[in-house]
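Student: here is a sequence together with a model predicted from it:
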Amino acid sequence: MAPDTVSLRYFLVLAQELNFTRAAARIGIAQPALSARMRRLEAELGTALLVRDTRSVELTTAGAALAESAPPALAALDRAWDTARSAAAGELGTLRIGYSLSAGAETAPALVDRLIRGNSGLEVSAVPMATPEISPAVADGRIDAGITRGEQPGRGVRRFLLRRARIGVQLAQHHPLAEHPEIEIADAAAYPLRLPDRATNPVIHDQLSALFRDTRPHLRFHTPAVSFDMSQRDLRDGVTLAPAGEAAATAQPAGLTWRPLRGAPSLTIHLVLPREQSPLHRRIRAVARTLAHELHWLPD
């Protein structure tokens, strides 16, 4: 059976000092207590480690070998303890995050960056996913956490409000409505509205559709024929407006701008975690809560 590590650490101090009085003072215990510890250590090993007389202490061959080999062994043990504590605190492991494409402009990168910078033992990977697939993937363990726009349905998960964002519209810089610092909902509804296919995010699609239908019953919607159409030609040409959260204002493609809609409710972005949470999930939740507070994503 291996000796207790406290006695081993005391022995290493004594091996350096070769004097019980100085070693005991350095450790902070009484000299008789140190002597008793060394006798027990020798008994456990079954061999003498020290040669004592009234004036000096010398190491035996076994004592010298232990003094040389023990420090790296104790360092390895310390690292093992630190690793266990980090794992228990959710600071160690592999973290897989899936996020709605619209959360990739600002919210997801900010959270991933904070997780990486604050937890060197975490390996984080984040990939965009179809929003309706995120909660089921969290529930069955394919991913560890999700970031969704809108409070998505799904069993076996818990949702935490991460951010509230103003609703506005993306539009061409030369569009007549771009002259206004805020746009009336009814004015925006007079133009074709560029919305992605409902299947990509039914919750947000229905929320935005209802917002505009309250002011104009017969809306004109434009669904791009190409999913994730990066050219956005109809938008750049001023033909359509694209409802979007305020994060769109921080990552504007050339030729486009963003304006808030006056009186519109906020869009919500949620962190999705499994109902049964590990230390890693609790760490994500704590980091997300701190980040939301620091960046004023939620009202006080």
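Tutor: Alright, I've got the coordinates.
Student: all helices of the stretch 151-300 of the chain, in order?
Tutor: Here the stretch 151-300 of the chain has its helices, by DSSP state H, counting those that start in this stretch, at 185-188, 202-213, 233-236, 279-294.
Student: could those helices be laid out in JSON lines, adding mean neighbour count, mean pLDDT and distance to residue 150?
Tutor: Backbone N, C-alpha and C define where each C-beta goes, glycine included. JSON lines is the format used below for these (neighbours: other C-beta atoms under 10 Å; pLDDT from 0 to 100; distance: least, C-beta to C-beta, whole Å):
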{"stretch": "helix 185-188", "mean neighbour count": "18", "mean pLDDT": "90", "distance to residue 150": "19"}
{"stretch": "helix 202-213", "mean neighbour count": "17", "mean pLDDT": "83", "distance to residue 150": "4"}
{"stretch": "helix 233-236", "mean neighbour count": "17", "mean pLDDT": "84", "distance to residue 150": "22"}
{"stretch": "helix 279-294", "mean neighbour count": "17", "mean pLDDT": "90", "distance to residue 150": "17"}
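Student: the ones you listed: which one's closest to residue 105?
Tutor: Evaluated over the helices of the stretch 151-300 of the chain, closeness to residue 105 peaks at helix 202-213, with 14.4 Å, by C-beta to C-beta.
Student: centre of the chain to the closest one, how far?
Tutor: Distance, stretch centre to chain centre, for helix 202-213: 30 Å (C-alpha atoms, centre = their mean, to the nearest Å).
Student: and the contacts of it?
Tutor: Residues outside helix 202-213 that contact it (C-beta atoms under 8 Å, 6 or more residues apart in numbering) are 102, 131-132, 149-153, 167, 185, 188-189, 193, 195-196, 198, 219, 221, 243, 261, 264-265, 267.
Student: what about burial for the residues you listed, which qualify?
Tutor: 102, 131-132, 149-152, 167, 185, 188-189, 193, 195-196, 243, 261, 264, 267 (16 or more other C-beta atoms under 10 Å).
Student: where in the protein is pLDDT low?
Tutor: 1-3, 54, 83-84, 86-92, 118-120, 217-219, 222-231, 251, 300 (pLDDT under 70).
Student: got the phi/psi numbers for residue 122?
Tutor: Phi and psi for residue 122, reported as degrees, to the nearest 10, are phi -90, psi 140.
Student: so what's it bridging to?
Tutor: Counting by DSSP bridges, residue 122 is bridged to residue 93.
Student: that one contacts residue 113, correct?
Tutor: No. Taking C-beta atoms under 8 Å as the definition, residue 122 is not a contact partner of residue 113, at 11.8 Å.
Student: higher neighbour count, those two?
Tutor: For residue 122 versus residue 113, neighbours defined as other C-beta atoms under 10 Å are more numerous around residue 122 (21 against 12).
Student: any idea how far that one is from residue 287?
Tutor: According to C-beta to C-beta, to the nearest Å, residue 122 and residue 287 sit 10 Å apart.
Student: helices or strands up against the longest helix seen in the chain?
Tutor: Ranked by residue count, the top helix of the chain under DSSP state H comes out as helix 61-88. With contacts defined as 3 or more C-beta pairs under 8 Å, 6 or more residues apart in numbering; DSSP states H and E, helix 61-88 has these neighbours: helix 5-17.
Student: taking helix 61-88 as reference, get the angle to the helix it packs on.
Tutor: If you take axes from the mean of the first three to the mean of the last three C-alpha atoms, to 10 degrees, helix 5-17 sits at 130 degrees to helix 61-88.
Student: pull out the buried positions in helix 5-17.
Tutor: Buried-residue list, helix 5-17, by 16+ other C-beta under 10 Å: 7, 8, 10, 11, 14, 15, 17.
Student: now do that helix: which elements does it pack against?
Tutor: Partner elements for helix 5-17 (3+ C-beta pairs under 8 Å, 6+ apart): helix 20-27, helix 31-45, helix 61-88.
Student: quick check: which of these is nearest to residue 163?
Tutor: The closest of the helices and strands packed on helix 5-17 to residue 163 is helix 61-88. By C-beta to C-beta, the value is 28.3 Å.
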